[in-house]
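Trainee: Whatever this is, show me its structure:
(one chain, ligands or ions: 1)
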Amino acid sequence: MAGKLYLVATPIGNLEDITLRALRTLKEVDIIAAEDTRHTLGLLNHFQISKPLISYYKENEKVKSKLLIEKLQEGKNIAIVSDAGTPGISDPGEEIVKSAIENNIEIIPIPGACAFVNALISSGLSTREFCFIGFLSANQKEKREKLEEIKYETKTLILYEAPHKLKNTLEEILKILGDRKIVLAREITKIHEEFSRGNVSTILSNLQEVKGEFVVLIEGSFKSKQDVNQEKMNGQTLEEHYEFYEKQGLEKKDIIKKIAKDRNVNKNEIYQYFLNK
Ligand code: SAM
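Mentor: You can find the predicted model right below:
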């Protein structure tokens, strides 16, 4: 019988955040696949757990997934852990889960700490709907493109960021998204846990030595892309409106439908208007 694949969340700072179930699972599995075996060894030693470890990090995820699947098929139970928090969340995990599903291997999540969830619930921003982005690209052009893409997202935005890139990321947020309300959640569950809340410009001007781990939360846009397009339309003549969609390569029939929808009028009215032109 094939073994089971356990996705085990580990603490994001405070070791008391490990769950009883995580500890039992780590004790009972045959192998632990860890993002950084040395790091995980520290955790296991703390809880007096001794287990064979296999390294499983982003760059070798595909190759190691194959090996892990073979072991699972031999009947070994395997736990996946990352350096901190929930595997698969800006951490390795996705590949092995996909392969396990393809190979009919049972997947069992063992819930626990996750930085963005705890940052979000403490942020004071809307928790009803949110959009987790994870790390922005280190490439400045790609970073800007991503920020442009999410500029009109109305849900709370959540980013992970390395301390040495934080200042630049906040500057880009200010330039592209504007002076929005943001929250910096720093060192969650650790001694220097801190939540800074304010507009981007204020947070930036108060930013001193940037140390520790950060989650950046940004209030969603008040205007959606649709609202912005609508505003642009409102000042336009019907001809300009027509041209706008024509440039997008749409056909007359579809352009008329779109204009009618944008202006909340019957499409026959628009059709008649252009017929008489
Ligand atoms: N898998 C992890 C999780 O479940 O949150 C995330 C791993 S990701 C490689 C590491 C990033 O998560 C850090 O750069 C930081 O943005 C965020 N992070 C992790 N621990 C944190 C903490 N204690 N406080 C604030 N942010 C944290």
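
Trainee: What is the burial count for the residue of the chain found nearest the ligand?
Mentor: Scanning the chain for the residue nearest the ligand gives Gly85, at 2.4 Å (criterion: CB to the nearest ligand atom). C-betas here are computed from N, CA, C, even on glycine. Gly85: 24 surrounding residues under other CB atoms under 10 Å.

Trainee: Same check on Gly124?
Mentor: By the criterion of other CB under 10 Å, Gly124 has 13 neighbours.

Trainee: For the lowest-mean-pLDDT helix or strand in the chain, what is the distance to the chain centroid?
Mentor: Lowest mean confidence among the helices and strands of the chain (mean pLDDT, DSSP states H and E): helix 225-234, at a mean of 74. Offset of helix 225-234 from its chain centre (CA atoms, centre = their mean, to the nearest Å): 28 Å.

Trainee: now do stretch 242-261
Mentor: When distances are taken as CA atoms, centre = their mean, stretch 242-261 is centred 35 Å away from the chain's centroid.

Trainee: and if you look at stretch 43-63?
Mentor: The answer for stretch 43-63 is 24 Å, by CA atoms, centre = their mean.

Trainee: Please see if it touches the ligand.
Mentor: No - judged by CB under 6 Å from any ligand atom, stretch 43-63 and the ligand are separated, with a smallest distance of 9.1 Å.

Trainee: same thing with stretch 183-203?
Mentor: Yes - using CB under 6 Å from any ligand atom, we find that stretch 183-203 touches the ligand at 185-190.

Trainee: hang on, the earlier thing: residues contacting the least confident helix or strand of the chain, please?
Mentor: By CB atoms under 8 Å, 6 or more residues apart in numbering, the residues outside helix 225-234 that reach it are 152, 223, 241, 244, 262-263.

Trainee: Just the CA atoms of it, as PDB, please.
Mentor: Only the C-alpha atoms of helix 225-234 are listed here, as PDB (Å, rounded to 0.1, in the frame of the first residue of the first chain):
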ATOM      1  CA  LYS A 225     -10.800  48.900 -13.300                       C
ATOM      2  CA  GLN A 226     -14.400  49.100 -14.500                       C
ATOM      3  CA  ASP A 227     -15.100  52.300 -12.500                       C
ATOM      4  CA  VAL A 228     -12.000  53.900 -14.000                       C
ATOM      5  CA  ASN A 229     -13.000  52.900 -17.500                       C
ATOM      6  CA  GLN A 230     -16.500  54.200 -16.800                       C
ATOM      7  CA  GLU A 231     -15.100  57.500 -15.800                       C
ATOM      8  CA  LYS A 232     -13.100  57.700 -18.900                       C
ATOM      9  CA  MET A 233     -16.200  56.900 -21.000                       C
ATOM     10  CA  ASN A 234     -18.300  59.500 -19.300                       C
END
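
Trainee: Check which element follows that helix along the chain.
Mentor: Per DSSP states H and E, the first helix or strand lying C-terminal to helix 225-234 is helix 238-246.

Trainee: Which elements pack onto that next one?
Mentor: For helix 238-246, the packing partners by 3 or more CB pairs under 8 Å, 6 or more residues apart in numbering; DSSP states H and E come out as helix 252-263, helix 267-275.

Trainee: for the first one, which positions count as buried?
Mentor: Across helix 252-263, burial judged by 16 or more other CB atoms under 10 Å covers 255-260, 262-263.

Trainee: Columns pLDDT and distance to the ligand on top of those residues, output as TSV?
Mentor: Shown next, in TSV, are those (pLDDT from 0 to 100; distance: CB to the nearest ligand atom, whole Å):
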residue	pLDDT	distance to the ligand
Ile255	91	45
Ile256	91	48
Lys257	90	45
Lys258	87	41
Ile259	88	45
Ala260	85	46
Asp262	80	40
Arg263	82	44
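
Trainee: Including distance to Ile176, could these go into a markdown table?
Mentor: Shown next, in a markdown table, are the buried residues of helix 252-263 (distance: CB to CB, whole Å):
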| residue | distance to Ile176 |
| --- | --- |
| Ile255 | 30 |
| Ile256 | 34 |
| Lys257 | 32 |
| Lys258 | 27 |
| Ile259 | 30 |
| Ala260 | 33 |
| Asp262 | 26 |
| Arg263 | 30 |
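
Trainee: If anything else comes up later, I'll come back, but that's it for now.
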